[in-house]
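# Here is a sequence with its predicted model. Questions after.
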Amino acid sequence: MSEATKIAKKIDGKAFAEGLRQRVALKVTKLKGQHDITPGLAVVLVGEDPASQVYVRNKGKQTVEAGMNSFEFRMDEDATQSDLVEMVEELNADPNVHGILVQLPLPRHIDEAEIINAIDPNKDVDGFHVINSGRLMTGQDAMVPCTPAGCMMLIKDTLGNDLSGKRAIVVGRSNIVGKPMAQLLLDANCTVTIAHSRTQDLPGECQRADIVVAAVGRAEMVKGDWIKPGACVIDVGINRVPAPEKGEGKTRLVGDVDYAGAAQVAGSITPVPGGVGPMTIAVLLDNTVTACCRINGVDVPKA
């Protein structure tokens, strides 16, 4: 097979996440044995959003499997802002809770920013609090948002820990993925471009990058001929598109990258599903262990 027709290495996020969860479980075992401490994660779900319910159920299951305490709180769709703030404040004060996650999206009548910033920054295992954002930006110990942290783990596992001098582009500028992802790459001494809907010559910008992180929320927007030969491509997108080949009304999941096209050019690439997605909950568990250790003034156990 010629160099031009090689298929990119598939980055197996599912396998990496499984290994990370095993390491988290080992840390939890050591925390219990050495300090008699059990990390606790509290998840708050408001309303009946089906996708959120599945996600919360999976979080609870994996939390228990890792040996941690799982606390789940459900509130009605019509719960008020003050009701939710009161719930968060109770969890802030609970010594058995080391991580707090309020499942997004919230109902329209609730201000997400106000709720996120009501969480104790030291228990903000989602890493969305403005204080954690500031800590990340200024190089201090922060709770790092789970998806960007997971992407960074996959990048380093694929390319090695030394990313100095590599060109990276992040397509998307959200507070949840794009901005913290860019900061993590900058901290790793990459030369970073943040691209978005108003970027001129987006294909050209991508073609210069050794690392492409697509987090724009548009199905298969990043094409194969946008990719530099040999680049590492991390696809954060999860989009449902029609799949008539499966039957009328059926859909399939695709990322923000045209996988078939990009895989002909890239050196490595995450699939959708099975790439970045499985990493998010695994990193959430790891963040909870880190938060627990910081709150209790003990070192994070080696795993």
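Okay, I see it.
# mind listing what residue 42 touches?
71-73, 91, 94, 97, 99-101 (C-beta atoms under 8 Å, 6 or more residues apart in numbering). From N, CA and C alone the C-beta is placed, and that goes for glycine too.
# What is the burial count for the closest residue to it other than its chain neighbours?
Leaving out its chain neighbours, the residue that sits closest to residue 42 by C-beta to C-beta, 6 or more residues apart in numbering is residue 71, at 4.1 Å. Counted with other C-beta atoms under 10 Å, residues neighbouring residue 71 total 18.
# Secondary structure element for residue 71, which one?
strand 69-75 (DSSP states H and E).
# What lies in contact with that strand?
Contacts of strand 69-75 (C-beta under 8 Å, 6+ apart): 38-47, 56, 59-60, 63-64, 83-84, 87, 91, 96-97.
# neighbouring strands for that strand, and are they parallel or not?
Strand 69-75 has its sheet partners listed here by DSSP bridges as strand 40-46 (parallel).
# what's the next secondary structure element after the partner strand?
Following strand 40-46 in sequence order, the next helix or strand is helix 50-65 (DSSP H and E).
# Show the contacting residues for residue 289.
24, 27-28, 31, 39, 68, 300.
# Let's see that with 6 Å instead.
For residue 289, the contact set (C-beta atoms under 6 Å, 6 or more residues apart in numbering) comprises 24, 27, 39.
# Nearest to residue 174 among the residues you listed?
The closest of the contacts of residue 289 to residue 174 turns out to be residue 24 (C-beta to C-beta; 25.9 Å).
# Touching, that closest one and residue 287? I think so.
No. Applying C-beta atoms under 6 Å, one finds residue 24 not in contact with residue 287, separated by 9.6 Å.
# Filter the contacts of residue 42 down to the buried ones.
Buried residues within the contacts of residue 42, counting neighbours by 16 or more other C-beta atoms under 10 Å: 71, 73, 91, 97, 99-101.
# farthest pair in these?
Among those, 73 and 99 lie farthest apart (C-beta to C-beta), at 13.2 Å.
# Out of the contacts of strand 69-75, which end up buried?
For these, buried by 16+ other C-beta under 10 Å: 39-47, 56, 59, 63, 84, 87, 91, 97.
# Name the member of the residues you listed with the shortest distance to residue 168.
Using C-beta to C-beta, the buried ones among the contacts of strand 69-75 come closest to residue 168 at residue 59, 29.4 Å.
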